[in-house]
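Engineer: structure, please.
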Amino acid sequence: MKRDLEWWRMAMVCCCLILAAGFTDAAAAPEKLKVMASTFPVHQITRNLVAGSHTVETALLIPAQLGCPHDYVLTPQDLRQLAGTDVLIINGLGMEEFLESLLEKAGRNLKIIDSSAGITETLPYKNAEHGYGTDETGHSEALDSDKQHAYSHHKSGGVNPHLFASPRMAARLAINIAEALCEIDPGGTTLYTTNARAYADKMNQLAENFAALGKKLVNNRIVTQHGVFDYLARDMGLQIVAAVQPHAGQEPSAAEMLELVETIKRERAGAVFTEPQYPANISRTIARETGIAFATLDPAANGPNHAPLDYYETIMRQNITALGNTLGIR
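Structural biologist: Next comes the predicted model:
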């Protein structure tokens, strides 16, 4: 009996020592930099930039499956997540209207990185009624300031915020984010810089592939769901003759549908491209009415939870295939 008591006493002492060691290690572990991205594309870029870091923890604010947060409303859970965040990385250019009042009240403890800061090669945000048209160069025409304000649902003054759907612009976003992270967390400079250069190289190569395809397409005039592909179209020399949705998330009226059909016939568009984030019925109907092809292009505005790091590249390569198959290659 005495030997049993001694054995139990020693076992308890060992357990206490193990637990104490665990608590000591936890206490000694350096606190991680908590970085949150507002949207799925920005989160994917950021994850690539901090890949290999043991001192940075990334998170996504809005649900990964949401897509462009045009009408998003913050939830109590979002606010709790933001309260524990050190750095918030945003798309910028008015995409995060739902965050504006919160950001204005944010204290100095929350550092904001605007991934689009300093990028001047922006385009006006157009819609199905105005803006898309007959520019033979395939480049978007600038709208006057009054029209920009009237046509855009973004407070940014009518600037198209969908830079991420262009690999060439995605490269710029990555460099911007990396430079800002280096200032906030100098200890990670080598990692952020190395990863950013590698990511930008891959994005620029993708952009070259898109541009090469654009020169070989039989028909470079297309219709899109909304203004998400304007930057990619610029990269490729595509001409977007119309958009199905007059505003993101807003279906066209019967009169707008008729106008779309007339525009497509007049401009001899080659295809209607919808996005997986939106119902395809209307786009499919318009394609059938005009006798042109119908297909899906994915801007990678959303994706699965825990998407692989190369998710964006995979989706964009699928888009290259879809464009070639749908519009024809000379």
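
Engineer: now do the strands in the chain.
Structural biologist: 33-37, 56-60, 87-90, 111-114, 221-224, 239-243, 271-274, 293-296 (DSSP state E).

Engineer: between those, which gets nearest to Asp310?
Structural biologist: strand 56-60 (16.2 Å; C-beta to C-beta). In this view, the C-beta of every residue, glycine as well, is placed from N, C-alpha and C.

Engineer: centroid residue for this structure?
Structural biologist: Pro41 (2.8 Å; C-alpha atoms, centre = their mean).

Engineer: now the residue lying closest to Asn302 once chain neighbours are set aside: how far from Gln205?
Structural biologist: Excluding its sequence neighbours, the residue lying closest to Asn302 (C-beta to C-beta, 6 or more residues apart in numbering) is Gly67, at 4.2 Å. Here Gly67 is placed at a distance of 26 Å from Gln205 (C-beta to C-beta, to the nearest Å).

Engineer: before we move on, what about Asn160?
Structural biologist: With C-beta to C-beta as the criterion, Asn160 and Gln205 are 24 Å apart.

Engineer: tally of neighbours for the closest residue to Gly324 other than its chain neighbours?
Structural biologist: Nearest residue to Gly324 in three dimensions, chain neighbours excluded: Leu213, at 5.9 Å (C-beta to C-beta, 6+ apart). Using other C-beta atoms under 10 Å, Leu213 is surrounded by 20 other residues.

Engineer: where does pLDDT dip in the chain?
Structural biologist: In the predicted model, the chain carries pLDDT under 70 at residues 1-29, 106-108, 127-157, 247-248.

Engineer: quick one: residues contacting the nearest residue to Phe273 once chain neighbours are set aside.
Structural biologist: Nearest residue to Phe273, sequence neighbours excluded (C-beta to C-beta, 6+ apart): Leu297, at 4.3 Å. Residues in contact with Leu297 (C-beta atoms under 8 Å, 6 or more residues apart in numbering) are 224, 229, 273-275, 319, 322-323.

Engineer: Leu297 and Asn319, how far apart?
Structural biologist: As defined by C-beta to C-beta, Leu297 lies at a distance of 5 Å from Asn319.

Engineer: could you pull up the contacting residues of the residue nearest to Asn302?
Structural biologist: 40, 275, 277, 301-302.

Engineer: do that again at 6 Å, thanks
Structural biologist: Applying C-beta atoms under 6 Å, 6 or more residues apart in numbering to Gly67 gives the contacts 277, 301-302.

Engineer: same check on Thr321?
Structural biologist: Thr321 touches nothing, counting by C-beta under 6 Å, 6+ apart.

Engineer: any idea how far it lies from Leu258?
Structural biologist: From Thr321 across to Leu258, the span is 33 Å (C-beta to C-beta).

Engineer: for Tyr192, which non-adjacent residue is spatially closest?
Structural biologist: Leaving out its chain neighbours, the residue that sits closest to Tyr192 by C-beta to C-beta, 6+ apart is Ala178, at 4.4 Å.

Engineer: burial count for that neighbour?
Structural biologist: By other C-beta under 10 Å, the residues close to Ala178 number 26.

Engineer: thinking it is in contact with Leu49, fair?
Structural biologist: Yes. Between Ala178 and Leu49 a contact is recorded at 5.3 Å, counting by C-beta atoms under 6 Å.

Engineer: got any residues that touch both of those two?
Structural biologist: Common neighbours of Ala178 and Leu49 (C-beta under 6 Å, 6+ apart) are 192, 196.

Engineer: quick one: contacts for the residue nearest to Thr39 when sequence neighbours are not counted?
Structural biologist: In space, not counting the residues next to it along the chain, Thr39 is nearest to Asn91; the distance is 5.2 Å by C-beta to C-beta, 6+ apart. The contact partners of Asn91, taken as C-beta under 6 Å, 6+ apart, are 39, 42, 161.

Engineer: rerun that using 10 Å as the cut-off
Structural biologist: Residues near Asn91 by C-beta atoms under 10 Å, 6 or more residues apart in numbering: 37-42, 68-69, 114-116, 161-164, 173.
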